[in-house]
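*Asks:* No letters, just coordinates:
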């Protein structure tokens, strides 16, 4: 199959979410949250002073966004951002992607270390933020946690480990605590960035070191590979029947390059198995 380009001219699109009939995403190095319609029309929802990453919504429908560099969880109140939680005391380095559960609790991943600056490798944290803003570390054993999904029953959190490279799973307790961290799939030629879940329990993975997305089963078997035009950094299943795959691509992830360039695209194709779970 050959994906078609839905949107182009973006700085660095990341963290896509299908919500209320549109694709929402962070144009990370453009410091803006955007949304796009299936027609290809796109618009800026809000600007930020720091690069945005993971997105989600409260049960009341308010937009939440991770502010990466200043390590905060923000809520959009009208046209103004409000700080829900300052995560600087818990995050060892920049915050990253996020998934918000049905109760409005946010699981936020962290880089763990300054990989772009050449710092020594360190494991990253996963921080749970309650709707009240109370925050705590619920896992500290992930190798650069990146994209995250929750299974439909809310009992399993699946996390891309970009520096595994692997996909990791955790059991989720009633209070949001994580336990029983385990390898869901070891990967060899795939560096997982963004991920999404389908109704058969397979994970679609954006391969950050290649121009492709791959469908992976528990245990690591790859059942499908679809080529895209640029490096793939994130993916999401959406559309009216959740069978439209959105792949967020760019030819480079360097912040300085992306701020002055606009090679980012959203590419789409149709899959057989619909999306499932959150986000």
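*Replies:* Done, it's in. Computed from a predicted structure; not experimentally measured.

*Asks:* which residues in the stretch 51-200 of the chain form strands?
*Replies:* Under the criterion DSSP state E, counting those that start in this stretch, the stretch 51-200 of the chain contains strands at 52-57, 63-67, 72-77, 80-86, 95-100, 106-110, 124-129, 135-142, 145-150, 156-161, 166-172, 178-186, 192-197.

*Asks:* I'd like to know which elements the fourth one is packed against.
*Replies:* In this structure, strand 80-86 packs against strand 72-77, with contacts taken as 3 or more Cβ pairs under 8 Å, 6 or more residues apart in numbering; DSSP states H and E. Glycine gets a C-beta too; all of them are placed from N, C-alpha and C.

*Asks:* and the strand it packs on, what's its mean pLDDT?
*Replies:* For strand 72-77, the mean per-residue pLDDT is 97.

*Asks:* buried sites along it?
*Replies:* For strand 72-77, burial by neighbour count (16 or more other Cβ atoms under 10 Å) applies to 72, 73, 74, 75, 76.

*Asks:* returning to what we had before: looking at the strands of the stretch 51-200 of the chain, which is nearest to residue 118?
*Replies:* Comparison of these against residue 118 by Cβ to Cβ identifies strand 124-129 as nearest, at 16.7 Å.

*Asks:* Return the list of strands paired to the closest one, each annotated with direction.
*Replies:* Strand 124-129 has the following sheet partners, assigned by DSSP bridges: strand 106-110 (antiparallel), strand 135-142 (antiparallel).

*Asks:* what's the closest of the strands of the stretch 51-200 of the chain to residue 46?
*Replies:* Proximity to residue 46 (Cβ to Cβ) singles out strand 72-77 among the strands of the stretch 51-200 of the chain, at 5.7 Å.

*Asks:* sorry, back to before: of all the buried residues of strand 72-77, which comes closest to residue 17?
*Replies:* Closest approach to residue 17 among these (Cβ to Cβ): residue 76, at 13.6 Å.

*Asks:* Grab the nearest non-local neighbour of that closest one.
*Replies:* With Cβ to Cβ, 6 or more residues apart in numbering as the criterion, residue 76 has its nearest non-adjacent residue at 4.2 Å, and that residue is residue 63.

*Asks:* now do residue 276
*Replies:* residue 199 (4.3 Å).

*Asks:* Would you agree that neighbour is in contact with residue 271?
*Replies:* No. Applying Cβ atoms under 8 Å as the test, residue 199 and residue 271 come out as separate, 10.3 Å apart.

*Asks:* When these two are compared, which one has more neighbours?
*Replies:* Between residue 199 and residue 271, counted using other Cβ atoms under 10 Å, residue 271 has the larger neighbour count: 19 against 14.

*Asks:* what's the strand or helix carrying residue 35 in contact with?
*Replies:* Using DSSP states H and E, residue 35 sits in strand 32-36. Residues outside strand 32-36 that contact it (Cβ atoms under 8 Å, 6 or more residues apart in numbering): 6-7, 10, 13, 19, 22-27, 42-48, 52, 55, 63, 65, 76, 266.

*Asks:* Strands - which of those land there?
*Replies:* Taking DSSP state E as the definition of strands, the contacts of strand 32-36 contribute 6-7, 10, 13, 19, 22-27, 42-47, 52, 55, 63, 65, 76, 266.

*Asks:* Great, nothing more from me.
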